[in-house]
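K.L.:
please find the sequence and the predicted model below.
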Amino acid sequence: MTPEQATFLLNEIYIPEITNESKTTRRIIEAVPADKGEYKPDERSMSAWALASHIAGSEVFFLNGVINGQFVRGDGAVPESVKTPAELGAWFEENHNKATARLKGLGAAELTRNIDFMGVFNLPALQYLALMTNHSIHHRGQLSAYLRPMGAKVPRIYGGSADEPIEMPQAQSA
């Protein structure tokens, strides 16, 4: 990948996508009922709270890793003071926005440098942004499937949901 390609991808593809996806992530996190955080659809599943915290914290972790050129365990951990889905959504938005602003300042050399991911991957920094997005979408889908059994409404994700339909514009008459 050339430096020009990396800069183009960051500014024209990844930043807009990351920004848009983060809004959906916050809606899903905040849809979790505050009193149902321990809900699990199966004993092997993460609880709703653990899953929501994992999604929020891992996005901040990935962003900080790309920005800092290294992944550090615990970077992006949700503070213990965050106790409710509303607080988690606010924490996520604040930390995600700060990291995204810093991400915008990376140069081509920083975007194309390889970063070791705990001995599992060694990829150019930019590729971790796609990995982060896919990881979040995967877990966000899991969390959204928890919502109705918990008695919550499912927010729109990539279109309307039964609980939050998209209003279609009415056809203009000629």
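P.N.:
Happy to help now that I have it. Residues are numbered from 1 along each chain as shown.

K.L.:
residue 3 versus residue 45, what's the distance?
P.N.:
Distance of residue 45 to residue 3, given as CB to CB, to the nearest Å: 43 Å. For the C-beta atoms, the positions are set from N, CA and C on the backbone; glycine is no exception.

K.L.:
quick check: mean pLDDT of the longest helix anywhere in the chain?
P.N.:
Longest helix in the chain, counting residues (DSSP state H): helix 125-147. For helix 125-147, mean pLDDT is 97.

K.L.:
against which helices or strands is it packed?
P.N.:
Helices and strands touching helix 125-147, by 3 or more CB pairs under 8 Å, 6 or more residues apart in numbering; DSSP states H and E, are helix 15-31, helix 48-68, helix 108-112, strand 114-117.

K.L.:
which residues touch residue 97?
P.N.:
Under the criterion of CB atoms under 8 Å, 6 or more residues apart in numbering, the neighbours of residue 97 are residue 22.

K.L.:
buried set for the helix or strand it falls within?
P.N.:
Element membership for residue 97 (DSSP states H and E) is helix 85-103. Going by neighbour count (16 or more other CB atoms under 10 Å), the buried part of helix 85-103 is 85, 87-89, 91-93, 95-96, 99-100, 103.
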